[in-house]
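>>> curious how this folds, go ahead:
(one chain, ligands or ions: 1)
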Amino acid sequence: MAEESRETRNGLCGICPAGCFVTVTLEKGGLVSVGPQAGTPMGILCRIGRHSPQIVHDPDRLLYPLKRVGPKGKEGTNSSASRWTRRSRPSWRG
Ligand code: SF4
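Residues are numbered from 1 along each chain as shown. Okay, the predicted model is just below:
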């Protein structure tokens, strides 16, 4: 029964810029396992890529931008993080 709800898909690992070809197993929309995609040039995965389901489903994973303010930080959105970054960059104009 559990096997019927599982599906496999090919894609790219997004953990780092290398973008290795992967075959992922999904169950109920969640990532179950990641392996190297057969027939691709390298055909291997690093340890981080192999353990990426643990990274994706880690309960302590950051789900929104945080600004270093006070002991807990300040929650923000992607647009507020973009504003924070623009304000903290030095001005390139004299
Ligand atoms: S498998 Fe490893 S090297 Fe490849 S993209 Fe993922 S994290 Fe980067």
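>>> tell me which residue in this structure sits closest to the ligand.
Relative to the ligand, the nearest point of the chain is residue 49 (2.3 Å; C-beta to the nearest ligand atom). Placement of C-beta: from N, CA and C, glycine included.
>>> quick one: contacts for that residue?
Each residue near residue 49 by C-beta atoms under 8 Å, 6 or more residues apart in numbering is listed here: 13, 15, 20, 22, 34.
>>> whichever of the residues you listed end up buried, select them in ChimeraX.
Those of the contacts of residue 49 that count as buried under 16 or more other C-beta atoms under 10 Å are selected in ChimeraX with:
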select :13,15,20,22,34
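>>> give me the subset of the contacts of residue 49 touching the ligand.
Filtering those for neighbours of the ligand using C-beta under 6 Å from any ligand atom leaves 13, 15, 20.
>>> as JSON lines, the contacts of residue 49 with secondary structure would be great.
Converted to JSON lines, those look like this (DSSP: H, G, I helix; E, B strand; the rest coil):
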{"residue": "13", "secondary structure": "coil"}
{"residue": "15", "secondary structure": "coil"}
{"residue": "20", "secondary structure": "coil"}
{"residue": "22", "secondary structure": "strand"}
{"residue": "34", "secondary structure": "strand"}
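>>> helix, strand, or coil at residue 11?
Of the three states, residue 11 takes strand under three-state DSSP.
>>> quick one, what contacts the most centrally placed residue in the chain?
Central residue of the chain (C-alpha atoms, centre = their mean): residue 15, 5.2 Å from the mean position. Counting by C-beta under 8 Å, 6+ apart, residue 15 makes contact with 48, 49, 52, 55.
>>> run through who's touching the top helix by length along the chain.
Assignment by DSSP state H gives helix 78-88 as the longest helix of the chain. With contact meaning C-beta under 8 Å, 6+ apart, helix 78-88 is reached by 65, 67, 76.
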